[in-house]
Structure formats: structure tokens, C-alpha cells
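Colleague: sequence unknown, structure follows:
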């Protein structure tokens, strides 16, 4: 194995079950992925998280890699880019729905406002609260929320919709949303 030099060779070893293949891919491609993501987002922690998510995703879909279609680096960058876009889109959606929940340089919550939001979330029924917390605070996609809660995707969507509706109503007076 020590004669391997290319990412593609390490990927083939990894696909065959060789942990060293994964470790070499990780050590070779972590930094380029991080640099790409950081230059795009300008957010250190988000970039680190997405790189980690990329390698987790690689583990799940490593058998989908086909060297005839491109390089391992391109394959990983594609995974990372899609994960990043999904996270950024979810964040935009949350900012649109609840601009006061997402701190931005022009809008920061006071302690009282944060407490008001927390109290509004606590007033939600347990099932809606769980979906809101997983979606907003943990930035999980609906598919993962469905898996975590062992409920159908449609149920996640309806609980999220109802929770957002209830929060908007509850917070309307406090934030003039």
C-alpha cells in the first residue's frame, strides 16, 4: 500500500475496506476543502462542519465514486458544495421566517428578546418543539429530522409548518413581525 500516490488509488483502497485509504484521503483533501468552503462562506466553524459532513457523506456513498467520471477531489468538492448550499439555503429560509432568531451585525437580540423567543418555543407542543429545535438550532435537514424522530417526512413538514405559524403568532406582538 505504501506505493500508492494518487487520491484515486487511495479511494479504491478505501472502497475495498482499507481504513488507511480513508485516512490518506482525509489528510490530503481536508485543507483544500476547508479553504474552498471558507473562501465561499467566510465562516470558520461552518466550513469545518461542512468538511466533516463531507467526509461522513463520503463514507455513505464511497461506492458511487467512479474514476472514469472524474477525480476524487472533484467528487469531494461536489459533495461539499451541495452540503454548503443546502445549509446556506436553510439558513436563508430561517432568516426569512424569523429574522430576529438569526443574529446579524445589524440585528442582535437583547437578553429579554432571547428569553421571549425561548419562552415562545417552550409553549409549543412537544412534537412541534422537537422539530423546531432540530431544524433551527441544530441545522438538520428534514430527512434527518424524520429519521431521528422516526416519523414520515410529511409529518416533519406539517409539524414545522404548524410550529412556525404558532411562533409567528406568539411573537407577533413582541417583535412586530
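Modeller: Perfect, thanks for sending it. Since the model is a prediction, treat every value here as computed from it, not as a measurement.
Colleague: neighbours around residue 70, how many?
Modeller: Around residue 70 there are 13 other residues, counting by other Cβ atoms under 10 Å. Bear in mind the C-beta positions are built from the backbone N, C-alpha and C, glycine included.
Colleague: Helix, strand, or coil at it?
Modeller: coil (DSSP: H, G, I helix; E, B strand; the rest coil).
Colleague: Angles on the backbone of it, please.
Modeller: phi 160, psi -180 (degrees, to the nearest 10).
Colleague: Distance check, it against residue 57.
Modeller: Note on residue 70: its distance to residue 57, by Cβ to Cβ, to the nearest Å, is 16 Å.
Colleague: The lowest-mean-pLDDT helix or strand in the chain: which residues count as buried?
Modeller: Counting by mean pLDDT, DSSP states H and E, the chain has its least confident helix or strand at helix 111-123, which shows a mean of 81. Neighbour counts over helix 111-123 (16 or more other Cβ atoms under 10 Å) mark 116, 117, 120, 121 as buried.
Colleague: Quick one: the residues you listed as TSV, columns for distance to residue 161 too.
Modeller: Below are the buried residues of helix 111-123 laid out as TSV (distance: Cβ to Cβ, whole Å):
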residue	distance to residue 161
116	22
117	19
120	16
121	16
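Colleague: can you tell me which two in those residues are farthest apart?
Modeller: Farthest apart among these by Cβ to Cβ are 116 and 121. That separation is 9.9 Å.
Colleague: what's whichever helix or strand residue 34 is part of in contact with?
Modeller: Assigned by DSSP states H and E, residue 34 belongs to helix 19-41. Residues outside helix 19-41 that contact it (Cβ atoms under 8 Å, 6 or more residues apart in numbering): 1, 4, 7, 10-15, 44, 46-48, 50-51, 54-55, 58-59, 72-73, 76-77, 80, 84, 88.
Colleague: and those residues, which of them are in strands?
Modeller: Counting by DSSP state E, no part of those is found in strands.
Colleague: So among these, which ones count as buried?
Modeller: Applying 16+ other Cβ under 10 Å to the contacts of helix 19-41 flags 4, 7, 10-14, 46-47, 50-51, 54-55, 58, 72-73, 76-77, 80, 84 as buried.
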